[in-house]
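Peer 1: sequence first, then the predicted structure, then my questions.
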Amino acid sequence: MTGKRNVLSGTHFMNGDIACAEGAIAAGCRFFAGYPITPATEIAEHLSERMPEFGGIYIQMEDEIASIAAVIGASYAGCKAMTATSGPGFSLMQENIGLAVMTETPCVVVDIMRGGPSTGQPTLPGQQDVMQAKWGSHGDYGIIALSPCSVQEMFDLTVAAFNLSETYRVPVLLMGDEIVGHMWEKVVIPPASKITVVNRKRPNVLPSEYEPFMPSDDLVPPMACFGEGYRFHATGLTHDEHGYPKTQSSEVQSKLVNRLCEKVDRNADKIIRVESVTLDDAEVLVVAYGIVARSALSAVRRAREAGIKAGLLRLITLWPFPEEHVAKAAEKAKAIIVPEMNCGQIVREVERAAKKPACFLSKLGEEPHTPMEIFASIRRNM
Amino acid sequence: MVQQVVHPFSKYLRQAMMPHIWCPGCGNGIVVNCFVHALDELQKDMDKLVVVSGIGCIGRTAGYINADSFHTTHGRAVPFATGVKLANPELDVVIISGDGDLFAIGGNHFIHAARRNIGIKVLCVNNFNYGMTGGQQGPTTPLEAFTTTTPYGNIEPPFNLVHLAAASGANYVARWTTLHVRRLTQSIKRMMQKEGFCFIEVISPCPEIFGRRNKLRTGLEMMELFRKASVVENFSDPSKAEISPDRIVVGEFVNIEKVSYEKLLHEKISQINEKRVEW
């Protein structure tokens, strides 16, 4: 296919939504289905222009339920596929995020978080969907959620999201917020040859021997696609290794659901990413993620200048939760501060992992915490 | 010596999934039979067929057909199939699902897929109620019919599915009953060879769940009703295609040639890239 380059290598000035769209293209995404919603619409708009340039598919569906359903279909037909939305649409997608989990569909769901509940604050940032990312669909399952804090990370983590989804056959959620989505910053897109792109593990057996849900050692089954002659069945019902429904068997249910959890948990070391800033001797630990982590970084630096032993643990991976990183950072800490743009969500996980109470800083309905607000809390808690 | 006889069409079914879950007198088996006959007569490449179902009794069909198949969440067969067809337009994507799945919880998806004229083929088995959950009222339940949730008679007017499909923009629209096996098979063949969005409604007996509450206790009684009441009126106005105890209008209602969504999309993609080269 002729046309523009797939990977726009070079230095750009762009907003986070566009960077996310470009990250998807660089990762090999060739199918996008979505429905307009502030503040994620620019991802769809940009992909509607870019996808046709190299034969990719853009389609605007009738709602978010249809969008994620089409993404799952496209993934089973062999395309890397993505959808993007915000809170209200993310709620509608929960049903089929469960289907993607159950049918082990590699796909990426971007949630540019705004203020909720319900229609809430369409144009303002929030971090109120981070627990929904883990627990939003019914049933037990493992899932991966990433939290970008910059426009550069909207690009980088979208690529990472595709790679993780292809590796573990699990939907990966990119939990941005209105600020990282709409903010304009410098983005460096590396040459295509320097971008790691992972593709799903393929079956190496004859179609007659293929069992679509028989896992390898890493607990992930190799994936055939429709039209390749494997003639396999997939269902949202509890199923055995053949993909056949076994809805009355406690043994099959237990084996399947435990594996869906464990394939993420057991590989957590390979999945989890955090950023540590002056943690070695930190007595005041700040744990933050997303846009709030930038204010937290500024506050920690200011505290160091003031002679306070403060450190930042920035969670890049929210799920699986970086328990060991939090526990280790919390060991020496006399105080833990968790600023979030919600009423207290990740702070519960931090307290559980740290095995001590944390000071929670809530911010709702406007801008994120200022560095001074977090700095003041560091000083109060030192 | 006993010679084992293999049914000539058993190759179209997943033997491991048999026996099926359907009740005695149910019409679903007839629909599957007509479907595989159509595939056989067309000599369809089974490696390029994808069967998609939603939730309900007929939703199990996806698992029974020996092709690539997917059993979606309730109502989501159409958008799932949309993703499959767009990602690989060479595949024959067929949805076999029920009236409740496609027209209540999935109704919005259906009308938009028909409007786009995307090349997926929908075979809707209409049994007038939610059979799998025990016989509740649905979007096709006739007025005054008794179901477990309309114990005093249904007061909601039912959808006319062929009218809805035609008005939404489908390229091909037909209705048959399970009594019309030859016509239904021919109709499925025609649908499989057409471009764009195609829809066939099959009126099917559900004696165990629907019939017994409505003085139609056996499959035979329901089939007898279909025989007495059915009138073939090809290319009549689908808005007047009634379903009543006295008159069931069946036939082909729409058979037009509109370019499919996926073809338009790929033409557009080619145009965009030709222009770019000229620049």
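Peer 2: Okay, I see it. Numbers count the residues shown, from 1 in each chain, chains lettered A, B, ... in the order given.
Peer 1: which other helices and strands contact the helix or strand hosting residue B:100?
Peer 2: If you go by DSSP states H and E, residue B:100 is part of helix B:99-100. Under the contact definition 3 or more C-beta pairs under 8 Å, 6 or more residues apart in numbering or on different chains; DSSP states H and E, helix B:99-100 sits against strand B:121-126. Yep, even glycine has a C-beta here, placed from its N, CA and C like the rest.
Peer 1: tell me where the stretch 151-300 of chain A has helices.
Peer 2: A:151-168, A:178-182, A:250-265, A:268-271, A:292-305 (DSSP state H, counting those that start in this stretch).
Peer 1: between the ones you listed, which gets nearest to residue B:92?
Peer 2: helix A:151-168 (26.8 Å; C-beta to C-beta).
Peer 1: what does the average pLDDT come to for the closest one?
Peer 2: Averaging pLDDT along helix A:151-168 gives 98.
Peer 1: tell me the angle of that helix relative to helix A:250-265?
Peer 2: Angle between the axes of helix A:151-168 and helix A:250-265 is 140 degrees (criterion: axes from the mean of the first three to the mean of the last three C-alpha atoms, to 10 degrees).
Peer 1: using PDB, write down the CA coordinates of helix A:151-168.
Peer 2: Taking only C-alpha atoms (Å, rounded to 0.1, in the frame of the first residue of the first chain), the coordinates of helix A:151-168 have been written out as PDB:
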ATOM      1  CA  VAL A 151       1.800  13.000  25.900                       C
ATOM      2  CA  GLN A 152       5.000  11.000  25.300                       C
ATOM      3  CA  GLU A 153       3.600   8.300  27.500                       C
ATOM      4  CA  MET A 154       0.300   8.300  25.600                       C
ATOM      5  CA  PHE A 155       2.400   7.200  22.600                       C
ATOM      6  CA  ASP A 156       4.700   4.900  24.500                       C
ATOM      7  CA  LEU A 157       2.200   3.100  26.700                       C
ATOM      8  CA  THR A 158      -0.300   2.600  23.800                       C
ATOM      9  CA  VAL A 159       2.500   0.600  22.000                       C
ATOM     10  CA  ALA A 160       3.100  -1.200  25.300                       C
ATOM     11  CA  ALA A 161      -0.600  -1.900  25.700                       C
ATOM     12  CA  PHE A 162      -0.800  -3.600  22.300                       C
ATOM     13  CA  ASN A 163       2.300  -5.700  23.100                       C
ATOM     14  CA  LEU A 164       1.000  -6.800  26.500                       C
ATOM     15  CA  SER A 165      -2.400  -7.600  25.000                       C
ATOM     16  CA  GLU A 166      -0.800  -9.700  22.300                       C
ATOM     17  CA  THR A 167       1.500 -11.400  24.700                       C
ATOM     18  CA  TYR A 168      -1.100 -12.400  27.400                       C
END
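Peer 1: chain center to that helix: distance?
Peer 2: With C-alpha atoms, centre = their mean, to the nearest Å as the basis, helix A:151-168 stands 8 Å off its chain's centre.
Peer 1: ok, now stretch B:27-37?
Peer 2: 11 Å.
Peer 1: all strands for the stretch 101-250 of chain B, in order.
Peer 2: With strands called from DSSP state E, counting those that start in this stretch, the stretch 101-250 of chain B shows them at B:121-126, B:172-177, B:198-203, B:230-232, B:248-255.
Peer 1: which non-adjacent residue is nearest whichever residue of chain A sits closest to chain B?
Peer 2: Nearest residue of chain A to chain B, counting by C-beta to the nearest C-beta: residue A:73, 2.7 Å away. Spatial nearest neighbour of residue A:73, chain neighbours left out: residue B:83 (2.7 Å); criterion: C-beta to C-beta, 6 or more residues apart in numbering or on different chains.
Peer 1: what about that neighbour, neighbour count?
Peer 2: 30 (other C-beta atoms under 10 Å in any protein chain shown).
Peer 1: mind listing what it touches?
Peer 2: Contact partners of residue B:83, counting by C-beta atoms under 8 Å, 6 or more residues apart in numbering or on different chains, are A:31, A:33, A:69, A:70, A:71, A:72, A:73, A:74, A:75, A:76, A:77, A:81.
Peer 1: can you check residue A:94 too?
Peer 2: A:132, A:136, A:137.
Peer 1: picking up where we left off before, can you lay out the contacts of residue B:83 as CSV showing secondary structure, distance to residue A:332 and neighbour count?
Peer 2: Converted to CSV, the contacts of residue B:83 look like this (DSSP: H, G, I helix; E, B strand; the rest coil; distance: C-beta to C-beta, whole Å; neighbours: other C-beta atoms under 10 Å in any protein chain shown):
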residue, secondary structure, distance to residue A:332, neighbour count
A:31, strand, 47, 27
A:33, strand, 48, 29
A:69, helix, 48, 32
A:70, helix, 49, 32
A:71, helix, 44, 33
A:72, helix, 45, 31
A:73, helix, 50, 33
A:74, helix, 48, 31
A:75, helix, 44, 30
A:76, helix, 48, 29
A:77, coil, 51, 25
A:81, strand, 44, 31
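Peer 1: between the contacts of residue A:94, which is closest to residue B:145?
Peer 2: For the contacts of residue A:94, the nearest to residue B:145 is residue A:137 (35.2 Å; C-beta to C-beta).
Peer 1: thanks a lot, catch you later.
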